Each structure stands twice: as structure tokens, then as C-alpha cells.
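[1] Sequence and computational prediction follow.
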Amino acid sequence: MLEVHDLTVRFGGITALDGVGFGVAGGEMVGLIGPNGAGKTTLFNCLTRRYTPQSGTITYEGRNLLGVAPHAVVGLGIARTFQNLGLFPRLSVRDNVLVGAHHRGRAGFFSAGLRLPGVGREERALRADADDLLERLGLTQVAEHPATGLPFGTLKRVELARALVARPRMLLLDEPVNGLNAAEVEEFAGTLGSIRAEFGLTVIVVEHHMGFVMGICERIVCLDFGRKIAEGPPEEVQRDPAVIEAYLGTAA
Ligand SMILES: Nc1ncnc2c1ncn2[C@@H]1O[C@H](COP(=O)(O)OP(=O)(O)OP(=O)(O)O)[C@@H](O)[C@H]1O
């Protein structure tokens, strides 16, 4: 369903991605790993059209993704979360989640502002969806609470709910368990697993938490200095000398 081929992104003298290619099948969960600065977030930014690569191709469900405008990506069924939470601090949890559904509303700001017929029905359906997700992610108690002041682990779940309310077929998660404690990581893995199965989601997850990513993904792609250095099942990639060296090199 997703084919990335020979992707290269340069920022001035820095080559953030250097001829990266891989494919993701529908329903698959793929982990994207690599040391800091390897190019993982840059790759996500290409998939969501924030960045345009200097060369290479991205095909999503048979369509040239690089020909799609950034605002139209979510309408194709691709949603993402951000490494540093992209929530609105003063909006309530429910409203933050509803922001993720903006493309689903046909009414638009103008007719919504005028309260034209149809708007109420649409709004009620979106709210019901949002409330359903809030409940599934254990967020009902804080639905009216502003995002600011809530624990980090809670906010991570709000971000997931916001991505899911867009009804994506492909979910891009950027460090979803970064900053969570061990119990929260385990809980997040369980929730993600069941939501993925139920919604038939394809997932690409960027994560430094090796226990999480190796436990939950069927396949791992490892980047280092913008290049793909390994790809395969978790147990294989974990043993790969190039991967071990990339991580030890960083730690040294
Ligand atoms: N907008 C930008 N302008 C200039 N350089 C950038 C930009 N975005 C990324 N880079 C550079 O590209 C390289 C890859 O960065 P990227 O954020 O994709 O890495 P990453 O693998 O996501 O790292 P981390 O694990 O630390 O989040 C880095 O050298 C980074 O400094």
C-alpha cells in the first residue's frame, strides 16, 4: 500500500535522507528506528508532505503521494502524531480530539458559523465518534479538562485519539511512548494493538524504546545518517552488526 523509493532530502549541506526505499503492506506494523538525526522524522515529514524530497518517489495506494497537497494528505487516510505533542494547551481534551476530524466535516466554517441545516447532525456524529475514542483510551474523565496541566502519558493518548478520529487507514506515530513509564508503555502497546486490529490499521512507528518497538512491530527498518542500513523481522534486525554498531557508535 505504501512504496517509498530512492528518497533523498537535503537541507543545505546535510543529507537527511539518502536514497531510502522500503514498502509497507496494508495492515502491517513497521518500526522505523535509528540513532538521533538518522532521518526518521524527515521521512515522516515527506510522507505527510511537509517536506518535498529532492528526488525519489512515494506511492500510496497506487497514487503518487508527492503530487498531493499537504492539506489533502489526511483526506487520503493518513494521520500522524508528533514527537513533541502538537496539542492546543487551552482547548479541552475533547476539542483537541475534534481538531483531528476537521476534514471530515463537510459544513465548513461559514455554514457552521451560520448554523445552517445539516451542521448540527454532522457535529453530533463527530462528537459521538470523538467520545467513543475518548472512552476507549480512558480519557472520558478528562474530556472537559484543558490539555494544559494533564500528565504527559495522558496527553500522549489524547494525541492518539486525535489522529484516530480522522479515521485513518495508515497511522504514523512519532515516538509515541517517549517519556512514558514502564507501566504506561505496556498499556499503550496493548491499546494500540487492539485498536490496530479493530480498525485494520497500517502503522509506521518511529521509536527509540527498543522493547516497545521490537515487541509490537512485524518488521523493522533501521536508518543511520539518512541511509537504510537494515530491514527485516525484529529478531534479525536486533542482531544485525550494522545496527549494533550504529547504536554503539552513537553511545560512545
Ligand atoms: N528543517 C530542517 N532544516 C535543517 N536540517 C534539518 C531539518 N530537519 C531535519 N534536519 C536535519 O536532518 C537530519 C535528520 O533529522 P531527523 O529529525 O529526521 O532525524 P531523526 O532520526 O528523526 O532524529 P531524532 O531521533 O533525534 O528525532 C539531522 O541532521 C537534522 O539536523
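    Ah, there it is.
[2] And for Ala69, the neighbour number?
    For Ala69, the count of nearby residues is 8 (other C-beta atoms under 10 Å). For glycine as for every other residue, the C-beta is placed from the backbone atoms N, C-alpha and C.
[3] wait, it sits on Arg49?
    Yes. Contact criterion C-beta atoms under 8 Å: Ala69 and Arg49 qualify, at 7.0 Å.
[4] Which SSE is immediately downstream of the lowest-mean-pLDDT helix or strand in the chain?
    Sorting the helices and strands of the chain by mean pLDDT, DSSP states H and E puts helix 108-114 at the bottom, at a mean of 50. Sequence order places helix 119-136 as the next helix or strand after helix 108-114, per DSSP states H and E.
[5] helices or strands next to that following helix in the packing?
    Where contact means 3 or more C-beta pairs under 8 Å, 6 or more residues apart in numbering; DSSP states H and E, helix 119-136 is packed against helix 93-99, helix 108-114, helix 152-164.
[6] which residues are in contact with stretch 70-77?
    Contact with stretch 70-77 is made by 47-50, 60-61, 63, 65, 68, 103, 166-170, as judged by C-beta atoms under 8 Å, 6 or more residues apart in numbering.
[7] what about it, average pLDDT?
    The average pLDDT within stretch 70-77 is 92.
[8] Ok, stretch 189-204 next?
    For stretch 189-204, mean pLDDT rounds to 94.
[9] which outside residues touch it?
    1-2, 24-32, 44, 47, 136-137, 157, 160, 164, 168-173, 176-177, 212, 215-216.
[10] picking that back up, in terms of mean pLDDT, which of the helices and strands packed on helix 119-136 ranks lowest?
    Of all these, mean pLDDT reaches its minimum on helix 108-114 (a mean of 50).
[11] closest to Asp224 among the contacts of stretch 70-77?
    Leu47 (19.3 Å; C-beta to C-beta).
[12] any idea of the pLDDT on the closest one?
    96.
[13] again with the one 4 residues further on
    Confidence at Tyr51, expressed as pLDDT, is 95.
[14] can you pull the contacts of it?
    Tyr51 touches 9, 42, 45, counting by C-beta under 8 Å, 6+ apart.
[15] I'd like the distance between Gly138 and the ligand.
    Per C-beta to the nearest ligand atom, to the nearest Å, Gly138 is found 27 Å from the ligand.
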